[in-house]
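A.B. asks: Using only what follows, build the 3D model:
(2 chains, ligands or ions: 1)
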Amino acid sequence: MKTENIMPQYQSFLSDESQLSGYSNDIVFASNINDICDILKQVNKEGNTVTVQGARTGVVGGAVPQGGLVLNLSKMNQIRDKTQNEKSSILRVQAGVTLEQIEEAANADNLFFAPNPTEPTATIGGIFASNALGPNSLFYGASSTHIQALSWITPKGERWALARGDYRFKANKCLLPDGTEIVIPADLQHSPVKIFDESMDLIDFLAGSEGALGLAAEFELRLLPLPKEIWGVVYFFSKPEQASAFAKKLFEWNNNEHHAALTAAEFYDQGVLELIDASRQDCTLLKALPPFPANVSTAIYTELFGDDSDLLEEALMQHLDYFSDVGGKEENTWAESGFSSIRRFRELRHAIPSLLNEMVTPGLKNQEKRWETDFSGSPEMFDDFLKTYNQALSDFGLKGLIYGHVLQNKMHLALLPETTEQQSICKDLVYEISQWVMQNDGFLITENGIGLLKQSLVHDFMPPMVWAAIEKIRLHFDPNKTMKYPRKVE
Amino acid sequence: MKIAVCVKQVPASSVPMDETQGVLMRSMAGGTINPWDLHAIEAALQVAEQTGGTVTAISMGPASAEQTVRVALAMGANKGVLLCDNAFAGADVYATAFTLSQGLSILGNFDLIVCGQQTTDGDTSQLPFSLATQMGIPAIGWVKKIETITESAITAKQELSSGTQRVTCPYPCLLAVGQGDPQPRIPTLKNKLRAKNASVEIIGLQGMPQKEETLYGLCVSPTRVVKVYENNIQGKKEPLKLSSQQAAACLLKEWEDAQNA
Ligand SMILES: Cc1cc2nc3c(=O)[nH]c(=O)nc-3n(C[C@H](O)[C@H](O)[C@H](O)COP(=O)(O)OP(=O)(O)OC[C@H]3O[C@@H](n4cnc5c(N)ncnc54)[C@H](O)[C@@H]3O)c2cc1C
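C.D. replies: Numbers count the residues shown, from 1 in each chain, chains lettered A, B, ... in the order given. This is a model prediction of the structure:
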């Protein structure tokens, strides 16, 4: 392991999928835990800072360095082993192993890694650090809850072995492996970003910390048996109100116990369907899809998992009844069953952020080419959130797309400014909605992290006492301020 | 119009080979529908929709190939048939086409038979023509688009390596379709559920017009698979640097040679 010059051959390591570009002279590729510990000890000695990188697929610039050393973990890509017994199946991997590698290893034994945050090239380290949420989080929760144990490397280069259940918060305190006690300041409850829950496991607390509190080097992932039946259904609606009414019915259905699990419910508005249509010719995956049914403006994609074929069928029939109750036409549905067959529906879902990432309006500054938010609020309020987004788009005369986890009320609003004037209006719109979201006890950032891209948004809505609380936690973990991010933007 | 569409189960992953028998061990690889056949089903359904006809999906294969027939039912086919018997096993193109022709003949007189142009496992592109020959009907291969359908004939555009060609065939006839547009439809939820529970008619040797076992399967298959390998063509193509006059002369000569050939 040696530190190398970033320029010229590693220039692309100054950027990630946010398209933001940073600066740094040096990069080092770690291959194991000892490498990481040695590097961090050296960095502490030199008073330098570190930016941790996985595969740089993050969309908010979390892996974009702002000086200091770049510590890249993508070469730590070994799958250690898989252990299976009646109770559980565990896959032991290094932090640089990708979602695709994990899926392949799991599927070979009829298992799967439930969180599925969709980007196949993302590393498990990056997924954990941004606590990525895939469509299946509706049923399976956040990625971190499927992590049984991990090797955590503190900013000072010490290794902690964390197993789920070993370190838990009681009230607002947790004893850490180094014998110190971390106390969560009460002010954190006013945070516009969800950070803390009482009785949280330390593993879940560290998830989503975006390389600010240390780094995850190895994981034990909990794999689940593939269900016997897996169905994916796309429901197309001619009017957006029908989609909302259908989602409400699904929401109520999902509040009751069933033998079939509704594992995903993703909303695509008209802009999303138009974007996909416009991109068909340039994308092999989209080209192979038949045209959307005529005169539709919105869609909801659902996944249902279950082991009993008849009960799952019953659930599907029930959903189909809901669909016709709201005025949906049976011929405006697409259905597939089986893990490999629903893959193209998943790829369609994944194509949306991919296409958005590629969209650059010529002449606009990179950072501002696109505004993408991931507000969230109480699940019961998803329709109010949808209405607020649509109202704001029409009030401000802006083009935007809405998609995402509708039943969890975790949807993305992507704004596509076409001129410099529109860029500044975008900011006003985001701030106006942010205010509304905060008034309704929602969160401003849910899915992809804060990174560099959303620091100013968080800063503007983060009360000073919350900043102070975060700073206190950060200093507990990283007294020498070795880890680059996040910090208050002045 | 009475339409039949031939569908085949192909391995979902690469297939190991039984070297002694010279046959592919398909059961080891898991099955899926041949992707070319999805286009055949789509073409058949579109013709049926335009003419008010019916579509019967037919496959020859092991019991697991029933799932392949169900794919066609889910897309909208009216009936599904599986020709399944130990006697049919190990069939090559000729023997498969014979078995299919036997099966089709007992299912009634079809006006139109639609096949995928090729499969992803055998890859010979020969089955549609062998089937048409054994049934004594004309065939149009490499169909890119169905252009017109009348009461007595169908006109299709073929995509050939030398260009495109429009061909009209009277019924009964066979079309072998390529993988272009229109893209195969995705089943609706209702059709998919219906197909899951629909019955697929299974026809074995005893249900065939010709019942002698020796007419089917491996024993009448003249071809043997010796080896399965990827054809790694690495021909280096040097670009020609020609003036426009030289290029025109070159093209002209090629055209004249083709005319004289
Ligand atoms: C097309 C596309 C679709 C996506 N869809 C989704 C989606 O549906 N849901 C969703 O939630 N996300 C989605 N994402 C974003 C996804 O969450 C990130 O791509 C992924 O989580 C980051 O992984 P990475 O290895 O690329 O990390 P990077 O981008 O390299 O890093 C991301 C952050 O994690 C930190 N980090 C990386 N590795 C470690 C480590 N080992 N220890 C500590 N910190 C570390 C970095 O410092 C940085 O802050 C999508 C991204 C793309 C490009």
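
A.B. asks: need the helix or strand of chain B with the lowest average pLDDT.
C.D. replies: strand B:23-24 (a mean of 63; mean pLDDT, DSSP states H and E).

A.B. asks: Quick check: what element follows that one along the chain?
C.D. replies: Using DSSP states H and E, the helix or strand that follows strand B:23-24 in sequence is strand B:31-33.

A.B. asks: helices and strands around that following strand, which ones?
C.D. replies: When contacts are defined as 3 or more C-beta pairs under 8 Å, 6 or more residues apart in numbering or on different chains; DSSP states H and E, strand B:31-33 sits against strand B:9-11, helix B:66-75. Backbone N, C-alpha and C define where each C-beta goes, glycine included.

A.B. asks: What is the neighbour count of residue 77?
C.D. replies: In the absence of a named chain, this looks at chain A. Neighbours of residue A:77 under the rule other C-beta atoms under 10 Å in any protein chain shown: 17.

A.B. asks: you looked at the wrong chain, it should be chain B
C.D. replies: 27.

A.B. asks: thinking again about what came up before, least confident of the helices and strands packed on strand B:31-33, on average?
C.D. replies: With a mean of 89, strand B:9-11 has the lowest mean pLDDT of the helices and strands packed on strand B:31-33.

A.B. asks: Show me how far it is from its chain's centre.
C.D. replies: Taking C-alpha atoms, centre = their mean, to the nearest Å, one finds the center of strand B:9-11 at 13 Å from the center of the full chain.

A.B. asks: near chain B, which residues of the stretch 151-300 of chain A show up?
C.D. replies: When proximity is defined as C-beta under 8 Å from any C-beta of the partner chain, the stretch 151-300 of chain A approaches chain B at A:233, A:234, A:287, A:288, A:289, A:290, A:291.

A.B. asks: Those: which two are farthest apart?
C.D. replies: A:233 and A:287 (22.2 Å; C-beta to C-beta).

A.B. asks: Helices along chain A, start to end?
C.D. replies: A:33-46, A:99-107, A:124-129, A:137-140, A:202-206, A:240-254, A:270-279, A:284-287, A:309-325, A:343-358, A:382-396, A:420-439, A:455-461, A:464-477 (DSSP state H).

A.B. asks: which stretch in these has the least confidence?
C.D. replies: helix A:455-461 - the lowest mean pLDDT of the helices of chain A, at a mean of 82.

A.B. asks: okay, now the closest residue to residue B:144 other than its chain neighbours: neighbour count?
C.D. replies: Once flanking residues are discounted, residue B:144 sits nearest to residue B:159: 4.1 Å by C-beta to C-beta, 6 or more residues apart in numbering or on different chains. Counted with other C-beta under 10 Å, residues neighbouring residue B:159 total 15.

A.B. asks: any idea which helix or strand comes after the helix or strand where residue B:159 lies?
C.D. replies: Element membership for residue B:159, per DSSP H and E: strand B:153-160. With elements assigned by DSSP H and E, the helix or strand that comes after strand B:153-160 is strand B:163-170.

A.B. asks: And the residue of the stretch 101-250 of chain A that's closest to chain B?
C.D. replies: Distances between the stretch 101-250 of chain A and chain B by C-beta to the nearest C-beta are smallest at residue A:233, namely 5.4 Å.

A.B. asks: give the contact list for that residue.
C.D. replies: Neighbour list for residue A:233: A:301, A:302, A:303, A:304, A:316, A:319, A:333, A:334, A:335, A:336, B:189 [criterion: C-beta atoms under 8 Å, 6 or more residues apart in numbering or on different chains].

A.B. asks: Between these, which sits nearest the ligand?
C.D. replies: residue A:301 (12.5 Å; C-beta to the nearest ligand atom).

A.B. asks: need the contact list for residue B:188.
C.D. replies: A:330, A:331, A:332, A:333, A:334, A:335.

A.B. asks: give me that answer again for 6 Å
C.D. replies: By C-beta atoms under 6 Å, 6 or more residues apart in numbering or on different chains, the contact set of residue B:188 is A:330, A:331, A:333.

A.B. asks: same deal with residue A:357?
C.D. replies: residue A:17.

A.B. asks: now it: how far from chain B?
C.D. replies: 25 Å (C-beta to the nearest C-beta, to the nearest Å).

A.B. asks: for residue A:353, same thing?
C.D. replies: Following C-beta to the nearest C-beta, the distance that separates residue A:353 from chain B is 22 Å.

A.B. asks: how many neighbours does residue 192 have?
C.D. replies: Going with chain A. 20.

A.B. asks: You answered for a different chain; I wanted chain B.
C.D. replies: 23.

A.B. asks: Return the residues of chain B in contact with chain A.
C.D. replies: B:183, B:185, B:186, B:187, B:188, B:189, B:190, B:192 (C-beta under 6 Å from any C-beta of the partner chain).

A.B. asks: how about residue A:453, what does it touch?
C.D. replies: With C-beta under 6 Å, 6+ apart, residue A:453 has these contacts: A:18, A:60, A:61.

A.B. asks: Out of these, show me where the pLDDT dips lowest.
C.D. replies: Among the contacts of residue A:453, residue A:18 has the lowest pLDDT, at 85.

A.B. asks: which residues touch the closest residue to that residue other than its chain neighbours?
C.D. replies: In space, residue A:18 comes closest to residue A:61 once its chain neighbours are excluded; the distance is 4.0 Å by C-beta to C-beta, 6+ apart. Neighbouring residues of residue A:61 by C-beta under 6 Å, 6+ apart: A:18, A:20, A:451, A:452, A:453.

A.B. asks: Beta-bridge partners for residue B:202, please?
C.D. replies: Beta-bridge pairing for residue B:202 (DSSP bridges): residue B:82.

A.B. asks: Test my guess that it contacts residue B:82.
C.D. replies: Yes: in this structure, residue B:202 is within contact of residue B:82 by C-beta atoms under 6 Å, at 5.2 Å.

A.B. asks: sorry, back to before: pull out the buried residues from the contacts of residue B:188.
C.D. replies: The neighbour-count test (16 or more other C-beta atoms under 10 Å in any protein chain shown) marks residue A:333 as buried among those.

A.B. asks: Show me the subset of the contacts of residue B:188 that also lies near chain B.
C.D. replies: Okay, of the contacts of residue B:188 touching chain B (C-beta under 6 Å from any C-beta), that's A:330, A:331, A:333.

A.B. asks: Which member of the residues you listed is positioned nearest chain B?
C.D. replies: residue A:333 (4.3 Å).

A.B. asks: thinking again about what came up before, just the buried ones from the residues of the stretch 151-300 of chain A next to chain B, in PyMOL syntax?
C.D. replies: Buried members of these, defined by 16+ other C-beta under 10 Å, are picked up in PyMOL with:
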select buried, chain A and resi 233+234+289
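
A.B. asks: How much space separates the residue nearest to residue A:18 from residue A:454?
C.D. replies: As defined by C-beta to C-beta, to the nearest Å, residue A:61 lies at a distance of 9 Å from residue A:454.

A.B. asks: With residue A:403 instead?
C.D. replies: Distance from residue A:403 to residue A:454, by C-beta to C-beta: 18 Å.

A.B. asks: And for residue B:49?
C.D. replies: Distance, residue B:49 to residue A:454, using C-beta to C-beta: 50 Å.

A.B. asks: of the two, who's got more company?
C.D. replies: residue A:454 (24 against 11).

A.B. asks: any chance you could map the helices in the stretch 1-150 of chain B?
C.D. replies: Here the stretch 1-150 of chain B has its helices, by DSSP state H, counting those that start in this stretch, at B:35-51, B:66-75, B:93-107, B:127-135.

A.B. asks: Need the contact partners of the shortest one.
C.D. replies: Which is helix B:127-135. B:93, B:94, B:97, B:98, B:100, B:101, B:115, B:139, B:174, B:176.

A.B. asks: Pull the distance from stretch B:183-195 to the chain's centre.
C.D. replies: 21 Å.

A.B. asks: Any buried residues in that stretch, and which?
C.D. replies: B:183, B:184, B:185, B:186, B:187, B:188, B:189, B:190, B:191, B:192, B:193, B:195.
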